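1. generate a structure from the sequence data that follows.
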Amino acid sequence: MKKQQPLGLLFFMNALMEEAFLWDSCSFMRQSVNVTTQEEMEAFFIIKSILRSTVRSQIITFRDAQTYFVVFMDDNNRHPVCQLYLNGKKQIGLFDADKKEVKHQLNTLADIYNFSQPLVDLAVQYPDTFK
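-> Modelled structure (predicted):
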């Protein structure tokens with residue numbers, strides 16, 4: 001016959017495990033929070049200003065990840081316009097016809113304007129983007 005643990009000990013062990021899980025979850029959440037920087041927002045508004053003459057501005061959206069900042073059409077990750085890498089070496093990643101990313105060096109955020117036509121070309125290829 002199997003020896004049973006006292007009921008109080010089981011409750012205590014369960015409470016410890018729940019507390020450890022909650023602490024671990026909170027710790028993970030603190031580590032995975034992305035902070036969108038002012039530089040990333042400035043880059044987003046530059047791209048939005050480039051695209052708004054051709055596409056509806058309300059469907060130009062972004063998502064911030066730890067290592068890059070991506071601009072989408074219609075908040076759809078299958079409709080990327082570009083990816084920005086602004087931590088360290090500044091780069092813009094543009095997507096070709098096969099959605100392969102090609103990175104280009106940026107010296108300043110103003111260099112994004114040099115990619116106006118490729119950005120517009122990428123944005124208009126998605127459905128329901130025109131004004």
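2. can you show me the helices along the chain?
-> Per DSSP state H, the chain carries helices over the ranges 7-32, 38-51, 116-123.
3. of the ones you listed, which shows the lowest average pLDDT?
-> Lowest mean pLDDT of the helices of the chain: helix 7-32, a mean of 52.
4. need the contact list for the closest residue to L122 other than its chain neighbours.
-> What sits nearest to L122 in space, not counting adjacent residues and going by C-beta to C-beta, 6 or more residues apart in numbering, is V81, at 5.1 Å. C-beta here means a position set from N, CA and C on the backbone, and glycine is covered the same way. Counting by C-beta atoms under 8 Å, 6 or more residues apart in numbering, V81 touches 47, 51, 60, 71-73, 95, 119, 122-123.
5. and the gap between V81 and G93?
-> Plainly put, V81 is 10 Å away from G93 if you go by C-beta to C-beta, to the nearest Å.
6. next one: V70
-> For V70, the distance to G93 - C-beta to C-beta - is 9 Å.
7. need the overlap of contacts for the two.
-> Common contacts of V70 and G93 (C-beta under 8 Å, 6+ apart): 82-84.
8. any idea how far the longest strand anywhere in the chain is from the chain center?
-> Assignment by DSSP state E gives strand 76-85 as the longest strand of the chain. Mean C-alpha position of strand 76-85 versus that of the full chain (C-alpha atoms, centre = their mean, to the nearest Å) differs by 9 Å.
9. how big is the angle separating that strand from helix 38-51?
-> Put simply, strand 76-85 runs at 120 degrees to helix 38-51, going by axes from the mean of the first three to the mean of the last three C-alpha atoms, to 10 degrees.
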